[in-house]
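Colleague: fold the following for me, if possible:
(chains A, B, C, D, E and F)
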There are 4 protein chains.
Amino acid sequence: MPTETFFNLPEEKRQRIIEAAIDEFSRYSFHKARVTAIADNAGIAKGSFYQYFEDKKDLYKYLMETIAKKKMSYINKDMLLNRDKYGFFQLLREVFLSGIRFAKENPRLVPIGEMLLADKELLHELYGENMDRNNDFFKQLLKYGQEKGEVDPEADLDLLAHMLSVLTYSLVDLVMEDGKIDMDDMEIYDKMLYFVENGIKKR
Amino acid sequence: MPTETFFNLPEEKRQRIIEAAIDEFSRYSFHKARVTAIADNAGIAKGSFYQYFEDKKDLYKYLMETIAKKKMSYINKDMLLNRDKYGFFQLLREVFLSGIRFAKENPRLVPIGEMLLADKELLHELYGENMDRNNDFFKQLLKYGQEKGEVDPEADLDLLAHMLSVLTYSLVDLVMEDGKIDMDDMEIYDKMLYFVENGIKKR
Amino acid sequence: MPTETFFNLPEEKRQRIIEAAIDEFSRYSFHKARVTAIADNAGIAKGSFYQYFEDKKDLYKYLMETIAKKKMSYINKDMLLNRDKYGFFQLLREVFLSGIRFAKENPRLVPIGEMLLADKELLHELYGENMDRNNDFFKQLLKYGQEKGEVDPEADLDLLAHMLSVLTYSLVDLVMEDGKIDMDDMEIYDKMLYFVENGIKKR
Amino acid sequence: MPTETFFNLPEEKRQRIIEAAIDEFSRYSFHKARVTAIADNAGIAKGSFYQYFEDKKDLYKYLMETIAKKKMSYINKDMLLNRDKYGFFQLLREVFLSGIRFAKENPRLVPIGEMLLADKELLHELYGENMDRNNDFFKQLLKYGQEKGEVDPEADLDLLAHMLSVLTYSLVDLVMEDGKIDMDDMEIYDKMLYFVENGIKKR
DNA sequence: GATGAATGAGGTTTCATTCAT
DNA sequence: AATGAATGAAACCTCATTCAT
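Modeller: Modelled structure (predicted):
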């Protein structure tokens, strides 16, 4: 956790630091990223960095949390709360699209997450055992889909959740070119959804 | 490319070095992996390392090539050559399973590939533009599936190839726990295939 | 260029570092000189060295600049500015003597310059094409001498400039024994000047 | 001294080694030059190198001797033996020209000598005190010139010898561009001689 | 005598973190 | 709180030389 000092900082300065961190961690893996570069780009002294964070990992953890929260905020909460008004596949579509919107508006955050996912050692260190909240989310959703009779009742929800989770990531990866996303490329999202729907719907 | 000296080494020693390299690179990303550790674990002098490889990256590249070749060798070549004897989904199943067999027998090689995939900078440096041979392979296969009338003729092959590629990886990831695979867990592979088949087959 | 950090250092410490550098580079060629030795002798950590200079070459370049400036400062500027009050050979004598005075007071700087001059590769790297400002200086002087009618009007100024430049160096070399100069050995400078004067004066 | 083994080598092989050594030492100072490069370029095993020479310095010493001898061989011995038939300045001219001829035919040997001259430590180690045979040669010549009444009887022969020695080197340097010499550029040699003659002749 | 693999000391450089002001 | 200089462990890499075959 960042220190109290950090949270007492003027918003603007805190932003500058976060920005600089994002910039560095989106370009380089945790180990290659340099504290010096972050401090420099944020325009703060290296010493200050250690007044705000315990160490490099402390900032990194905080960043991951921030990112996770931000990503969640892209999901239309109303739809989830009133999910009964929508079909399962409509909800799924919303989840997919929220991922895309998030990536479009925060392209630099995408590789940060991906790099962490690849670094099992670090991942374990940060989250210990419970490292797939993402899957849990999809699993809940799928269960609901089964209950509503839209999803194949035989389906293995753990497997499906994992697949959906992975596909979301991959979709973002596919449409992101050089850190940019062509949001208008709507067709492709629906193609994937079409594929998924055929794959898992109840027949 | 490793030096001639390296290839002149007795098989046993070469293996020790490769083993040590795999050990290090499967645990740590390229940047965190240490030449010193590799040399130590291989039981050779640090100086010797540099008689065999130009630098850390040289060994790494060589390792990736070796891994790629090994992975390919797990695909049943006969089936590919006589693909007309098999249905498309039978072929796809073979490809999936080959990935699993490879992962089961070489569990430490899996994270090496995954870490590389996450390090865009390194990936680019090693392979430049043509970095998705994996996708190409699936695209060929899918095209064949369309020609045989088994795959949805409307399907976007680029998208599908990407998805299949990603799903293969994810499947391996899913069944690998602490570097071990439960091969007998056959059911899950077929579940995924079932899902995929429903998703993309011609109706 | 040294970093800002270096220039922020207390004068005393900066001097210690420069001293240590001079000590090392006056004894050993650029390639044999060791950063470690410099850091040790300056009483700073090796890491600090790299906070002050980009690398060994950075310090070396800076040292050469410093030396060049210092050497220039030994020339009596008044004489150059009011050169019309003096004969050409008087000016030349002043230039010669300035070289001697510089060498006498900074004996360790002499071999540094000489070693660089011998390392064509390094020389080229540092100065690119324009690496004989020394010659230019003498050429200007000689031109002036011709205009005043003191120097043989037929003389090839490029050649003469080169010769004078070389002779200055050699004179210093000659009178420097074990890094010390016997300044009182005035006679020898005049002998050389006598020789030069006879060689190039207008008849 | 090279080992007997070296001298027993077939002429052709010995030449190859010497060639490779010249190539390396003409490009790099003693310390930067690499034994490995020499062995490689000579097409011999690294181990063999140490069968022929005690160490890098041993080869270097031998090379310097060879060069010195070769350089001497360019002086017209007949003229020296029958020096009475020629004037002093004719002899001096011959010595100058021999230096030029040597440089023209062995351009790579020139920088080797120059680099050594700049490395006082090495120079001392190789030749101890008596490191100016070159000067001695010129001193003998000048003495003879005085005796014949052609050279200023007041002249300080040590100084003049030094100057002549230095000027010879510098002349070579001046006309050598990129390791090549324009021998037809005869005029310049005579200009320098003219200058020298005026400088030191008896009046 | 020839070979080429093996060695390790030693060099340069990087960087997270500490600390004095 | 802020600064930025100081540190040193540890990484990569080079190369002369030795040694077993």
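Colleague: report all helices and strands that the host helix or strand of A:Asp173 contacts.
Modeller: Assigned by DSSP states H and E, A:Asp173 belongs to helix A:157-175. Counting by 3 or more CB pairs under 8 Å, 6 or more residues apart in numbering or on different chains; DSSP states H and E, the packing neighbours recorded for helix A:157-175 are helix A:88-105, helix A:109-118, helix A:133-147, helix A:186-200, helix B:157-175, helix B:186-200. In this view, the C-beta of every residue, glycine as well, is placed from N, C-alpha and C.
Colleague: can we see that at 6 Å?
Modeller: helix A:88-105, helix A:133-147, helix B:157-175 (3 or more CB pairs under 6 Å, 6 or more residues apart in numbering or on different chains; DSSP states H and E).
Colleague: tell me how many other residues crowd A:Phe7.
Modeller: With neighbours defined by other CB atoms under 10 Å in any protein chain shown, the count for A:Phe7 comes to 10.
Colleague: that one: which element?
Modeller: Secondary-structure element containing A:Phe7, defined by DSSP H and E: helix A:4-8.
Colleague: report all helices and strands that the helix or strand following that helix contacts.
Modeller: Sequence-wise, the next helix or strand downstream of helix A:4-8 (DSSP H and E) is helix A:11-27. For helix A:11-27, the helices and strands in contact under the criterion 3+ CB pairs under 6 Å, 6+ apart are helix A:35-42, helix A:109-118.
Colleague: mind listing what's buried along stretch A:147-160?
Modeller: Within stretch A:147-160, the residues that qualify as buried by neighbour count (16 or more other CB atoms under 10 Å in any protein chain shown) are A:150-152, A:155-160.
Colleague: which two of those lie the greatest distance from each other?
Modeller: Based on CB to CB, the longest span within these runs between A:Glu150 and A:Asp158 and measures 18.4 Å.
Colleague: what about A:Leu167, neighbour count?
Modeller: Other residues within reach of A:Leu167 by the criterion other CB under 10 Å amount to 23.
Colleague: ok, for A:Lys56, nearest residue in space, not its chain neighbours?
Modeller: Beyond its immediate neighbours in the sequence, the residue positioned closest to A:Lys56 (CB to CB, 6 or more residues apart in numbering or on different chains) is A:Val35, lying 5.3 Å away.
Colleague: again with A:Asp152
Modeller: A:Lys202 (5.1 Å).
Colleague: gap between that neighbour and chain C?
Modeller: 65 Å (CB to the nearest CB, to the nearest Å).
Colleague: likewise for A:Ser48?
Modeller: In this view, A:Ser48 and chain C are 17 Å apart by CB to the nearest CB.
Colleague: try A:Glu24
Modeller: Shown here: A:Glu24 relative to chain C, a distance of 20 Å by CB to the nearest CB.
Colleague: what sits against that residue?
Modeller: Under the criterion of CB atoms under 6 Å, 6 or more residues apart in numbering or on different chains, the contact list for A:Glu24 reads A:33, A:37-38.
Colleague: repeat for A:Ser165
Modeller: For A:Ser165, the contacting residues are A:134-135, A:138, taking CB under 6 Å, 6+ apart as the criterion.
Colleague: format those residues as JSON lines; extra columns: neighbour count, distance to DNA strand E and pLDDT.
Modeller: Shown next, in JSON lines, are the contacts of A:Ser165 (neighbours: other CB atoms under 10 Å in any protein chain shown; distance: CB to the nearest atom of the strand, whole Å; pLDDT from 0 to 100):
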{"residue": "A:Asn134", "neighbour count": "19", "distance to DNA strand E": "28", "pLDDT": "78"}
{"residue": "A:Asn135", "neighbour count": "19", "distance to DNA strand E": "31", "pLDDT": "85"}
{"residue": "A:Phe138", "neighbour count": "23", "distance to DNA strand E": "35", "pLDDT": "93"}
